[in-house]
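take a look and give me a structure for this.
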Amino acid sequence: MTGERLRVGIDARALCGRFTGDRTYWMHLIRALLERAERGLDGRPEYRLYARTPLPADAPPLPAVATVHVIPSANDRLWTMFTWPRALREDRMDVAHTQYTVPARAPCPVVTTIHDISFKLHPQWFRWRDRVLLNLTVPIALRRSARVITVSESSRRDIVTAYGVPESGVVATLLAAGPAYRPVPQETARRLVKGLWGLDEPYLLSVGVLQPRKNLSMLLEAYALARRELGLRARLVITGKRGWGCETLTLALQRLGIEDDVLLTGYVPDEHLPGLYSAALAFVYPSLYEGFGLPPLEAMACGCPALVSSAPAMPEVAGECAWLLPVEDPRAWAHAMTEIATDGGLRERWSALGRTRSGAFRWDRTAALTARVYAEAAAARRPCSGRKGVP
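Residues are numbered from 1 along each chain as shown. Reported below is the predicted structural model:
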């Protein structure tokens with residue numbers, strides 16, 4: 001190291017990109033790391049943020065001490081391979097932190113975050129170009145990284161098993177709902193929902209990118225069954241930006257004849273989500289696979305009862321404080337949605353459990369574990385995969 005204070009260079013490009021879970025992860029992590037450093041924790045490390053382009057005007061604010069060093073480059077690949085490593089060397093960084101893609105010649109040990117490996121376990125959910133890219137870059141990143149961070153024990157086991165890396169080199173740092181996610185008074189929440197979408201009826205809510213692994217086609221089947229056979233009258237609100245393969249959602253709506261009962265809001269800014277969660281009867285999340293799955297935790301933090309799938313990572317996140325359901329059983333989901341929508345006492349019980357559970361996850365804890373990984377990487381100065389590498 002260059003001195004007593006560990007100097008960490010963070011690839012902050014995700015803050016400048018699309019509205020995704022990756023951006024949420026980096027924003028909250030960076031905030032928590034900087035706040036801990038300001039309080040003199042973790043040995044008072046120095047964090048330097050690097051990006052290829054300036055942060056957009058609508059980016060959530062970082063702490064006042066944060067400065068993003070913009071280093072232009074023709075494209076992201078050149079930035080990762082040449083521009084950023086040169087800046088790390090010039091700035092004498094002790095450790096670098098990025099995700100998925102690691103420079104070939106980094107001047108310091110690199111920590112990489114790999115949120116999950118769904119691209120390898122379930123390639124049918126990805127465009128061929130994304131599959132090829134990730135299957136090329138991730139094994140290389142594992143070979144070059146001093147430590148690997150992932151976001152759940154489930155994802156950690158997947159990485160270790162699929163790539164044969166030592167367990168000691170892969171660390172799970174669980175995520176958390178942001179501080180803005182807390183219950184909004186019902187009158188305020190309902191006024192927000194009616195003002196933005198003209199909706200003043202009871203509704204069930206789903207939040208996430210519209211893509212195949214979110215299992216929304218099954219959810220629509222369950223919802224149609226609940227309305228047709230079980231008397232469910234609540235609307236279904238599906239929030240999220242359009243992703244690859246989302247055309248199946250439109251086709252399912254037409255086939256099931258429920259276009260008038262389902263509201264697709266598109267992307268909703270973060271500031272509106274607590275109100276949207278708080279006004280919902282319940283949150284439904286039938287995802288087939290998640291590295292972590294933040295939306296259920298956000299819903300629970302807002303006091304919204306959560307119905308989630310039993311897919312990987314979901315039991316780890318929800319514990320026994322959300323209603324776990326089989327991933328591909330529309331009848332089970334139909335009965336659960338109807339019951340939660342019509343039983344106020346049941347909603348109150350799940351709401352209380354969910355709020356307690358969400359409080360057990362904190363970004364401060366995530367940042368503390370991450371800072372420990374930085375220190376270990378700086379001390380190790382060798383790839384987590386050892387001499388043999390990974391397949």
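
for the stretch 101-250 of the chain, which segments count as helices?
118-121, 128-144, 153-163, 186-197, 216-229, 247-256 (DSSP state H, counting those that start in this stretch).

turn those helices into JSON lines, including mean neighbour count, distance to Glu46 and mean pLDDT.
Heads up, the C-betas are built off the backbone N, CA and C, glycines and all. Below are the helices of the stretch 101-250 of the chain laid out as JSON lines (neighbours: other CB atoms under 10 Å; distance: least, CB to CB, whole Å; pLDDT from 0 to 100):
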{"stretch": "helix 118-121", "mean neighbour count": "16", "distance to Glu46": "34", "mean pLDDT": "94"}
{"stretch": "helix 128-144", "mean neighbour count": "16", "distance to Glu46": "23", "mean pLDDT": "94"}
{"stretch": "helix 153-163", "mean neighbour count": "19", "distance to Glu46": "28", "mean pLDDT": "97"}
{"stretch": "helix 186-197", "mean neighbour count": "15", "distance to Glu46": "41", "mean pLDDT": "96"}
{"stretch": "helix 216-229", "mean neighbour count": "22", "distance to Glu46": "44", "mean pLDDT": "97"}
{"stretch": "helix 247-256", "mean neighbour count": "15", "distance to Glu46": "46", "mean pLDDT": "88"}
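
out of those helices, which is closest to Ala341?
Ala341 lies closest, by CB to CB, to one member of these: helix 216-229, at 8.3 Å.

tilt between that closest one and helix 247-256?
Angle of helix 216-229 versus helix 247-256, following axes from the mean of the first three to the mean of the last three CA atoms, to 10 degrees, is 20 degrees.

just to revisit the earlier point, so which of the helices of the stretch 101-250 of the chain comes closest to Gly208?
Per CB to CB, nearest to Gly208 of the helices of the stretch 101-250 of the chain: helix 216-229, 8.3 Å.

starting at the chain centroid, how far to the closest one?
Centroid separation for helix 216-229 versus its chain: 26 Å, with CA atoms, centre = their mean, to the nearest Å.

contacts for that helix?
204, 206, 210, 232-233, 236, 238, 248-249, 252-253, 256-258, 261-262, 284, 286, 327-328, 330-335, 337-338 (CB atoms under 8 Å, 6 or more residues apart in numbering).

nearest to Tyr47, out of the helices of the stretch 101-250 of the chain?
Closest approach to Tyr47 among the helices of the stretch 101-250 of the chain is made by helix 128-144 (21.1 Å; CB to CB).

now do that closest one: distance to the chain's middle.
19 Å.

is Tyr50 in a helix, a strand, or coil?
Under DSSP: H, G, I helix; E, B strand; the rest coil, Tyr50 falls in the strand class.

check which helix or strand the residue nearest to it when sequence neighbours are not counted maps to.
In space, and not counting its chain neighbours, Tyr50 is closest to His69: 5.2 Å by CB to CB, 6 or more residues apart in numbering. For His69, the host element (DSSP states H and E) is strand 68-70.

tell me which residue is most central in the chain.
Centroid-nearest residue in the chain, with CA atoms, centre = their mean: Gly21, separated by 3.7 Å.
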